[in-house]
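> 3D, please:
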Amino acid sequence: MSRITLTGDGNLGTTSVSNVFIDQYMKEANDAQIKVYLYLLRSTSSNRSFEIGDIAEEFNHTEKDVIRALKYWERLGLIALRYDNAGEICGINLIGIKSNPTPAPVLSIVPAPAEKKPAEVVKPAVPEKPTYGADDLKAFKDEPGTEELIAITESYLAKTISPSDLRSLLYIHKELSFDFEMIDLLLQYCVSKNKKSFNYIETVATSWYEQGIKTPAQAKNGISRYDRNIFDVMKALGKTGTPTIKEVEYINRWIGSYGFSKDVIFAACERAVMKTDTDRFPYTEGILSKWKTQGLMTLDAIQAAEADYRKSKKSVPVRPVSAPVAVNSSFQKTNYDFAALQRFINEN
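Model (predicted):
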């Protein structure tokens, strides 16, 4: 690796971080990307040169991690990279951040509820996973970039991947049409949740496929919105920790297929918490499916319906309690001579 010269726009006599970077860019970046950018700011202020390996050693990342981070900031327009004849990075120019950049559209993994009449979400059919043979795996391993993808995967999962794991990667890449950058982001997301099994990784990948998540930008924005919705509802139900796949399916249905806003879901959660200490997800499902069937899609509509129900209960006339009915017994009181009866029994 050659040493890199670093230049910047304007007077960078001090190491300062733009508020726009903090507000608009930092929240979408991962740990490595943030560290690399801050390192560039610091290096510019001190007019020092460095190599890719210097950054990697400084933050205990691989050189490939650093290069991916640099390319990430270049795509966002915060830096410009220069390359030498050998195709290696030889220069970086920091570009001044424009104030008030146009924010990227927020695309949620959970479809946003419709304003008026919510339509059922039609999900694309997830392709079946083929039975890949040895020739398929060999062809996949021979593709440009696969060797690097395998190395990245093993680094994230802290293990050597098996042929079964490789089949999962091939399925996600070929059948779900995830490019290597999307797979990289997918792995980062799952590992951040401390989920390193390929069963879980495939589940997340198919969920993104169903929701039409096709680019890293969509996935990052969706992850942020997805996590916020999921954990807000979990909290409303008194749940802590990582949600199960079944619990995520419930919440996705309430927000996506049913089209309820979070305030309506919270109202159902409150009722469930008051009624039961267990099975709160099925109980909430029962409430929301009933509201959905009745067309009650807003808190105002729900409260009005409940008020009408209470009013109708009060308006039902109370049936007076009838006085006890006198019973005319048809049995006649009979006086028995028990002494004579006893004598008859003794004599016979």
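> so which helix or strand takes in A125?
Following DSSP states H and E, one finds A125 outside all helices and strands.
> neighbours around it, how many?
Close neighbours of A125, defined as other Cβ atoms under 10 Å, add up to 7. All C-beta spots, glycine's among them, are computed from the backbone N, C-alpha and C.
> same deal with D65?
Neighbours of D65 (other Cβ under 10 Å): 22.
> Could I get the phi/psi values of the closest residue to it other than its chain neighbours?
Nearest residue to D65 in three dimensions, chain neighbours excluded: A32, at 5.1 Å (Cβ to Cβ, 6 or more residues apart in numbering). Dihedral pair for A32: phi -60, psi -40, per degrees, to the nearest 10.
> swap in N60?
phi 60, psi 40.
> quick one: secondary structure of R82?
For R82, the assignment made with DSSP: H, G, I helix; E, B strand; the rest coil gives strand.
> circling back: surely the residue nearest to D65 touches V66?
Yes - using Cβ atoms under 8 Å, A32 is in contact with V66, at 7.4 Å.
> Settle it for me: which of those two has more neighbours?
Using other Cβ under 10 Å, the more surrounded residue of A32 and V66 is V66, with 25 against 20.
> show me what contacts the more buried one?
A32, V36, I52, I55, A56 (Cβ atoms under 8 Å, 6 or more residues apart in numbering).
> can you give me the helices for the stretch 201-348 of the chain?
216-236, 245-252, 262-275, 280-294, 299-315, 338-347 (DSSP state H, counting those that start in this stretch).
> pLDDT at V36, what is it?
V36 is assigned a predicted lDDT (pLDDT) of 89.
> hang on, isn't it packed against I55?
Yes - V36 lies in contact with I55 (Cβ under 8 Å); the separation is 6.1 Å.
> picking that back up, just the contacts of V66 now: which is nearest Y258?
For the contacts of V66, the minimum distance to Y258 (Cβ to Cβ) is 38.5 Å, reached by A32.
> Compute the distance between the closest one and N60, please.
10 Å (Cβ to Cβ, to the nearest Å).
> secondary structure class for K129?
coil.
> Show the contacting residues for it.
Residues near K129 by Cβ under 8 Å, 6+ apart: R167, Y171, E175, E202.
> I'd like the distance between the closest residue to the first one other than its chain neighbours and T206.
Once flanking residues are discounted, R167 sits nearest to Y132: 4.9 Å by Cβ to Cβ, 6+ apart. As for Y132, its distance to T206 is 17 Å (criterion: Cβ to Cβ).
> Is I34 in contact with I22, as I believe?
No - with contacts counted by Cβ under 8 Å, I34 stays clear of I22, the gap being 10.1 Å.
> Those two: who's more crowded?
Neighbour totals were compared for I34 and I22, and I34 leads with 16 against 10 (other Cβ under 10 Å).
> does the more buried one sit in a helix, a strand or a coil?
Assigned with three-state DSSP, I34 falls in the helix class.
> And the pLDDT at the closest residue to it other than its chain neighbours?
Excluding the flanking residues, the one nearest I34 by Cβ to Cβ, 6+ apart is M26, at 6.0 Å. Predicted confidence (pLDDT) for M26: 85.
> Near M26, how many other residues are there?
15.
> What is the neighbour count of the residue nearest to R167?
Other residues within reach of Y132, judged by other Cβ under 10 Å, total 18.
> that's a helix at it, yeah?
No - using three-state DSSP, the assignment for Y132 is coil, not a helix.
> gap between it and A139?
10 Å.
> same thing with K129?
In terms of Cβ to Cβ, K129 sits 17 Å off from A139.
> next one: L70
L70 is 31 Å from A139, by Cβ to Cβ.
> Just read off the phi/psi values of I89.
Phi and psi for I89, reported as degrees, to the nearest 10, are phi -70, psi 130.
> what is the nearest residue to it once chain neighbours are set aside paired to in the beta sheet?
In this structure, I89 finds its nearest non-sequential neighbour in L81, 5.4 Å apart by Cβ to Cβ, 6+ apart. Following DSSP bridges, L81 is listed with bridge partners I92.
> Might one say that L81 is in contact with K71?
Yes - assessed by Cβ under 8 Å, L81 is found in contact with K71 at 7.4 Å.
> quick one: contacts for the residue lying closest to E247 once chain neighbours are set aside?
Excluding its sequence neighbours, the residue lying closest to E247 (Cβ to Cβ, 6+ apart) is F281, at 5.9 Å. The contact partners of F281, by Cβ under 8 Å, 6+ apart, come to L237, K246, E247, Y250.
> buried subset of the residues you listed?
Among those, those buried by neighbour count (16 or more other Cβ atoms under 10 Å) are L237, E247, Y250.
> Rebuild those residues as CSV, extending it with pLDDT and distance to T298.
Shown next, in CSV, are these (pLDDT from 0 to 100; distance: Cβ to Cβ, whole Å):
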residue, pLDDT, distance to T298
L237, 92, 21
E247, 80, 25
Y250, 85, 21
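> Any regions of the protein where pLDDT drops low?
1-14, 45-48, 98-123, 221-227, 241-243, 245, 315-348 (pLDDT under 70).
> For L94, grab phi and psi.
According to degrees, to the nearest 10, L94 has phi -80, psi 130.
> how close does it get to W73?
9 Å.
> Then I97?
11 Å.
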